[in-house]
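Undergrad: Have a look at this fold, sequence not included:
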Ligand SMILES: *Cc1c(COP(=O)(O)O)cnc(C)c1O
């Protein structure tokens, strides 16, 4: 996902926490002060592993991600790292006599699943189990219940960890924990310890704390001090069996993580890998440093001085890790990037142009009026994922789709703002509307009544019919509209209407549109007078914005204009914004053929050469969005900057063009089927040749085409 970008604070913290974890294994202050060492390694540094769990949860566990693909990806990646780490440490295991332990098989299974084959490796299986449990809980139960369950697991773990002194004196509990300890050496594992942090990370990614930086900082300091006190008391009373889990670790991590989110800026991808490699490799460095200092007889300087030992371990781990990453980047297996040159045909999306269109459209809207991006039909064929996530990053907070399935998919892409379904949704899907926080259009009174009867509280916008005479409650039927406002399970948070001839500048169409607009405002006035609180309003779609700018509304629903094209070539609009087309449809010549005068080509012999001719075959057809109605010269494509007419019929997967008059066309030459405006192959122009408008042309773009971003 692209949204995991730019959390500089988190990236930087990964490095700091990796160094803190080294402290746990080297005890830097041990030679100086025992309490100081306890505080550093058993309290402060204990935030490290929870932090890493939270980072994974932050990017992985969200309520809107339904498919299991991302979880599977995470588990696979972590498992590979774990296997590699196990292999790397086999020599150390051999040296430690690991393979000659009693009950080898049950023990090694236990280690692989819970404890790690070397002490620090437990983190990896715990990540796998923790992620899976957290994912499952959030999917099945939602965040609130998932958090409660994971906290219960955590508390169970707590009493096998820092608080073990308590259950140890209660026989029933003691035997409960001794059963647990048969299977796993510690309770700080993937079952009791990790899930709560994964869920907390995911929760924060969806519900950013509204607290200011200062309040988060106070929260963090207070909970840290409480955790410190807690740890010192438990330590003092010798209640601890192990020291990874504290009650105040939870609020402490919550505030700390929110604090780190305030730091945004550059993406530090390499630091992510670096911190992981440091984590995996540092025990190896400790072993090597011990061996080397023994050989060089410098134990006194390095090993016996804990701070020196810590510094040398950090330094060597960092140097080793950086070198290993540099080597890996140089020699890693060649990965083929998506390369449009190898595609038979592809959609090229220019996100800069999309950004330009958003900006110029926003500029003509009155201050309080926001852009609602219409991304129905795969964002008019542009690919809904790329377009909607880019828009969200640009700050667009309202989206519209035609169907509930399109809306749910936006949620799965991580889109957070308002999503309005413009079309019909079966009332039996009310639960999904609620679950994904989707706004439904009320298409008429009967529909509203049926939806209300579902007994599920949903958000809705009432559509008023002011003259389109398709869906919507008749604008003169104030009573019907009022009834909807009074329905117990429908929260009316908006009202809108749709203009049916806002694209035309003919006087009678302008008159008609003005009447539509005043009939909508008339309805609103009446409602207001009868004491109804007026929700958000919207009227204009693209041509409404361009021909009737400045209407008093809360949203404008921009569709085709967002994609930078007009519906038909030569359309005149009241304001000209210099919109830039976002999509190109490209393909290439795959072979060139000579035809003698009189020979024919393609289905139905629809092209007959009237002179000796050359035709080029282009592997894109109507299944790729090239309308069949462009056949036989009604449409043209751009090759070598010139327009070449379509020769014969467009087939499902390919078409032929007549290149007799274009010099030097060869196999491999780029062909632009839809391109820049006024090139002869602009979307509106191509659409017009096919007897349609660009809206239809674009929304029927084939789904099998790869989308590349330029
Ligand atoms: C599709 C649609 C839009 C967007 O229309 P454009 O002309 O593409 O801007 C706006 N409102 C409704 C109700 C729609 O169905």
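TA: Nice, thanks for sending it over. Since the model is a prediction, treat every value here as computed from it, not as a measurement.

Undergrad: which parts of this protein sit against the ligand?
TA: Residues of the chain that fall close to the ligand, judged by CB under 6 Å from any ligand atom: 374, 376, 422, 498, 541-543, 557-561, 695. Using the backbone N, CA and C atoms, a C-beta is placed for each residue, glycine as well.

Undergrad: now whatever residue of the stretch 151-300 of the chain ends up closest to the ligand, nearest residue through space, not along the chain?
TA: Nearest residue of the stretch 151-300 of the chain to the ligand, counting by CB to the nearest ligand atom: residue 206, 28.4 Å away. Nearest non-adjacent residue to residue 206, counting by CB to CB, 6 or more residues apart in numbering: residue 62, 5.7 Å away.

Undergrad: That neighbour: what secondary structure?
TA: Following DSSP: H, G, I helix; E, B strand; the rest coil, we place residue 62 in the coil state.

Undergrad: Can you pull the domain assignment for this protein?
TA: The chain is divided into the following domains under automatic domain parsing: 8-331, 348-563, 583-709.

Undergrad: could you dump those to CSV with mean neighbour count, mean pLDDT and distance to residue 572?
TA: Output for the domains of the chain, formatted as CSV (neighbours: other CB atoms under 10 Å; pLDDT from 0 to 100; distance: least, CB to CB, whole Å):
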stretch, mean neighbour count, mean pLDDT, distance to residue 572
domain 8-331, 18, 92, 42
domain 348-563, 19, 96, 6
domain 583-709, 19, 95, 13
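
Undergrad: SS state for residue 362?
TA: Strictly by three-state DSSP, residue 362 counts as helix.

Undergrad: hey, what's the residue in the stretch 201-350 of the chain that the ligand sits nearest to bridged with?
TA: Distance from the ligand to each residue of the stretch 201-350 of the chain (CB to the nearest ligand atom) is smallest for residue 349, at 17.1 Å. Beta bridges link residue 349 to residue 583, residue 709 when assigned by DSSP bridges.

Undergrad: now the helices for the stretch 51-200 of the chain?
TA: Using DSSP state H, counting those that start in this stretch, the helices of the stretch 51-200 of the chain run over residues 69-88, 90-96, 104-110, 123-158, 171-183, 194-206.

Undergrad: re the thing from before, now intersect the residues of the chain next to the ligand with the strands, please.
TA: Per DSSP state E, strands hold the following members of the residues of the chain next to the ligand: 374, 557, 558.

Undergrad: Quick one: residues contacting the first one.
TA: Listed by CB atoms under 8 Å, 6 or more residues apart in numbering, the contact partners of residue 374 are 380, 399, 400, 401, 422, 541, 557, 558, 559, 562.

Undergrad: Relative to residue 422, how far out is it?
TA: 8 Å (CB to CB, to the nearest Å).

Undergrad: Overlap in contacts, the two.
TA: Common contacts of residue 374 and residue 422 (CB under 8 Å, 6+ apart): 400, 401, 557.

Undergrad: Nearest to residue 409 among these?
TA: Looking at the shared contacts of residue 374 and residue 422 and their distance to residue 409, the nearest is residue 401, at 8.3 Å (CB to CB).

Undergrad: Secondary structure element holding the closest residue to residue 209 other than its chain neighbours?
TA: Excluding the flanking residues, the one nearest residue 209 by CB to CB, 6+ apart is residue 258, at 4.3 Å. Here residue 258 sits within helix 249-260, counting by DSSP states H and E.

Undergrad: Check the offset of that helix from the chain's centre.
TA: 23 Å (CA atoms, centre = their mean, to the nearest Å).

Undergrad: try stretch 228-237
TA: With CA atoms, centre = their mean, you get 42 Å for stretch 228-237.

Undergrad: In this structure, what residue lies closest to the ligand?
TA: residue 559 (2.3 Å).

Undergrad: that older thread, between the ones in strands among the residues of the chain next to the ligand, which is closest to residue 360?
TA: residue 558 (10.7 Å).

Undergrad: In contact with the closest one, which residues?
TA: Neighbours of residue 558 in contact, by CB under 8 Å, 6+ apart: 361, 371, 372, 373, 374, 541, 542, 545.

Undergrad: element containing the residue lying closest to residue 674 once chain neighbours are set aside, please.
TA: Excluding the flanking residues, the one nearest residue 674 by CB to CB, 6+ apart is residue 585, at 4.0 Å. In this assignment (DSSP H and E), residue 585 forms part of strand 583-588.

Undergrad: What helices and strands are in contact with the next helix or strand after that strand?
TA: Next helix or strand after strand 583-588 toward the C-terminus (DSSP H and E): strand 591-595. Under the contact criterion of 3 or more CB pairs under 8 Å, 6 or more residues apart in numbering; DSSP states H and E, strand 591-595 touches strand 613-618.

Undergrad: On the C-terminal side of the strand it packs on, identify the next helix or strand.
TA: Downstream of strand 613-618, the next assigned helix or strand under DSSP H and E is strand 636-639.

Undergrad: What is that next one packed up against?
TA: Under the contact criterion of 3+ CB pairs under 8 Å, 6+ apart, strand 636-639 touches strand 642-647, strand 655-658, strand 670-674.

Undergrad: Pull the residues that contact the longest one.
TA: This means strand 642-647. Here strand 642-647 makes contact (CB under 8 Å, 6+ apart) with 601-602, 607, 613, 615-616, 630-638, 655-659, 661-662, 665, 680-681.

Undergrad: likewise the shortest one?
TA: Outside of strand 655-658, the residues that reach it under the criterion CB under 8 Å, 6+ apart are 593, 601-602, 607, 613-618, 620-621, 626, 630, 633, 636-637, 639, 644-649, 671.

Undergrad: That strand pairs with which strands, parallel or anti?
TA: When DSSP bridges is applied, strand 655-658 pairs with strand 613-618 (antiparallel), strand 642-647 (antiparallel).

Undergrad: With distance to residue 339 added, can I get those in TSV?
TA: Formatted as TSV, the strands paired with strand 655-658 follow (distance: least, CB to CB, whole Å):
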stretch	distance to residue 339
strand 613-618	19
strand 642-647	25
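
Undergrad: Which of the ones you listed sits closest to residue 484?
TA: Counting by CB to CB, residue 484 lies closest to strand 642-647 out of the strands paired with strand 655-658; the figure is 50.3 Å.

Undergrad: now the angle from that closest one to strand 591-595?
TA: Orientation check (axes from the mean of the first three to the mean of the last three CA atoms, to 10 degrees): strand 642-647 against strand 591-595 gives 70 degrees.

Undergrad: from the chain's centre, how far out does strand 642-647 sit?
TA: 41 Å.

Undergrad: Can you tell me the element residue 566 falls in?
TA: Counting by DSSP H and E, no helix or strand carries residue 566.

Undergrad: residues in contact with it?
TA: Counting by CB under 8 Å, 6+ apart, residue 566 has contacts 560, 573, 579, 684, 694.

Undergrad: repeat that with 10 Å
TA: Residue 566 makes contact with 503, 542-543, 546, 560, 572-573, 576, 579, 581, 677, 682-684, 687, 693-695, according to CB atoms under 10 Å, 6 or more residues apart in numbering.
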